[in-house]
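Novice: Sharing a sequence plus its predicted fold:
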Amino acid sequence: MQAGAICHSRMMLIPLLVCLGLLIISANCEKGIHGIHFGEWNESQLQPTIQKLMKGYNRYLRPNFNGGPVEIGMSLDIASIDAISEINMDYTATIFLRQRWRDSRLIFPGNESLSLDGRLVSLLWIPDTFIPDSKRSFLHDVTVDNRLIRIFSNGTVLYALRITATIACNMDLTKYPMDRQVCTLQLESWGYNLQDVVFYWTRGNDSVKGLDTLRLAQYSVESYYTSVSEAVYETGYYPKLVLYFSLRRNVLFFILETYVPSTLLVVLSWVSFWISQSSVPARTCIGVTTVLTMTTLMMGARTSLPNANCFIKAIDVYLGICFTFIFGALLEYACAHFCTMQHQTIIDVQRGNRVDCPFSWAEPWGLFCPKTLG
């Protein structure tokens, strides 16, 4: 009986021990989440923790809620410009966006800074910055969300993230392919107007990095500059930062692909002028071949351009002139051959009439020979 009672009591203790273990594990997990350790501090300094900084913190209220606007400094690193499309009139860029502002609620003693996990961004107030001309954009998440949160002892917050966005760029293709395009990258606040937040570039034009060393397939960056502006909407005035950068198209590719072949086709169409006029198949073959080749070249030159554009480009004028020369060479041979055949027919008729007419007075008018008419 005692052995059975002991066994029964042990069986009752097992669930209690399991529950106690689960409680200990959950407590450690909660402590691991909320009690993150950010490095060793000096003994004379108070060791700041997220719990102390977040105590009484309301992430739904901006800093200086009852005071002046929050000043937010911006800086950009252009990692790459992957594609520039003339058809869609946009470009795709990967950028590092860094934002700085001061939040007096996050002041802590010392001169150190806290680098937090990017997932803790949900605990802090952050600006609602967006790109108004963006068509598509996403935040990189390999291997984790590419975000950085750093809090300095004076309450300054550094928030950085890496994004890829497809941004609209209105292009003037009148001088294509010898054109220069000016594209923009705009940053605005979605919900906070100028009374709430103010945007500024941290170092002026030096706030933008990466454009000087950027290498593109068909373009080269000539210059860039920044400006501070205001976005006017029906709901009010909002802060706005604009980056302007000028792109110059590299013409060498188009010279080798379009201009040189079209020029050679024009020269080839002129070769028919040195071929005997009686060689009808040879001259006709050269003329038709050059016309068809030029048509194919013109269609290929427009594949990378918008289909519905209502303006004439420089390359259209050049190819149109080349096509006119080539078609004119074919048309010239057709007219020359027709006139030659007509002239030869008249000569043959005149010769036949001179032979058959017995009256010498009718020779100047061979067609009016009495014998012929009779």
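Specialist: Perfect, I can see it now.
Novice: contacts, neighbours, all on C-alpha from now
Specialist: Noted.
Novice: Wait, a helix at residue 271?
Specialist: Yes: Residue 271: assigned to a helix according to DSSP: H, G, I helix; E, B strand; the rest coil.
Novice: Next up, the contacts around it.
Specialist: Residues counted as contacts of residue 271 (Cα atoms under 8 Å, 6 or more residues apart in numbering): none.
Novice: Tell me the spacing between it and residue 333.
Specialist: From residue 271 over to residue 333 the distance is 12 Å, taken as Cα to Cα, to the nearest Å.
Novice: Mind checking the pLDDT average for the helix or strand harbouring residue 51?
Specialist: Secondary structure assignment for residue 51, by DSSP states H and E: helix 50-54. The average pLDDT within helix 50-54 is 77.
Novice: Can you give the distance of that helix from its chain's centre?
Specialist: Centre-to-centre, helix 50-54 and its host chain are 42 Å apart (Cα atoms, centre = their mean, to the nearest Å).
Novice: buried residues in it?
Specialist: residue 50 (16 or more other Cα atoms under 10 Å).
Novice: From the chain's centroid, how far away is the helix or strand following that helix?
Specialist: Per DSSP H and E, the first helix or strand lying C-terminal to helix 50-54 is strand 70-85. Relative to its chain's centre, strand 70-85 lies at 13 Å (Cα atoms, centre = their mean).
Novice: Determine the set of other helices and strands touching strand 70-85.
Specialist: On a contact count with 3 or more Cα pairs under 8 Å, 6 or more residues apart in numbering; DSSP states H and E, strand 70-85 meets strand 90-102, strand 197-201, strand 208-209.
Novice: which one of those strands is the most hemmed in?
Specialist: strand 197-201 (a mean of 22; mean count of other Cα atoms under 10 Å).
Novice: and it, what does it pack onto?
Specialist: Against strand 197-201 (3+ Cα pairs under 8 Å, 6+ apart) you get strand 70-85, strand 219-233, strand 236-249.
Novice: circling back to that earlier point, by contact count, what packs against the helix holding residue 51?
Specialist: Using 3+ Cα pairs under 8 Å, 6+ apart, helix 50-54 sits against no helix or strand.
Novice: could you redo the last one with a cut-off of 10 Å?
Specialist: helix 2-34 (3 or more Cα pairs under 10 Å, 6 or more residues apart in numbering; DSSP states H and E).
Novice: Let's have the helices and strands packed on strand 197-201 in CSV, adding mean neighbour count, distance to residue 133 and mean pLDDT.
Specialist: Shown next, in CSV, are the helices and strands packed on strand 197-201 (neighbours: other Cα atoms under 10 Å; distance: least, Cα to Cα, whole Å; pLDDT from 0 to 100):
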stretch, mean neighbour count, distance to residue 133, mean pLDDT
strand 70-85, 18, 15, 93
strand 219-233, 15, 13, 94
strand 236-249, 18, 11, 95
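Novice: Would you reformat those as CSV and include distance to residue 101?
Specialist: Shown next, in CSV, are the helices and strands packed on strand 197-201 (distance: least, Cα to Cα, whole Å):
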stretch, distance to residue 101
strand 70-85, 5
strand 219-233, 17
strand 236-249, 15
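Novice: Which one of the ones you listed lies nearest to residue 198?
Specialist: strand 70-85 (4.8 Å; Cα to Cα).
Novice: hey, what's in contact with both of residue 271 and residue 333?
Specialist: 283, 287 (Cα atoms under 10 Å, 6 or more residues apart in numbering).
Novice: Who's the closest spatial neighbour of the residue nearest the centre of the chain, skipping the chain neighbours?
Specialist: Taking Cα atoms, centre = their mean, the centroid of the chain lies closest to residue 91, which sits 0.8 Å from it. Among residues not flanking residue 91 along the chain, residue 84 sits closest, at 4.3 Å (Cα to Cα, 6 or more residues apart in numbering).
Novice: show me what contacts the one you found?
Specialist: 90, 91, 92, 93, 166, 167, 168, 169, 216, 217, 218, 219.
Novice: sorry, back to before: as a markdown table, the helices and strands packed on strand 70-85 with distance to residue 256 and mean pLDDT would be great.
Specialist: Below are the helices and strands packed on strand 70-85 laid out as a markdown table (distance: least, Cα to Cα, whole Å; pLDDT from 0 to 100):
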| stretch | distance to residue 256 | mean pLDDT |
| --- | --- | --- |
| strand 90-102 | 25 | 95 |
| strand 197-201 | 42 | 96 |
| strand 208-209 | 33 | 94 |
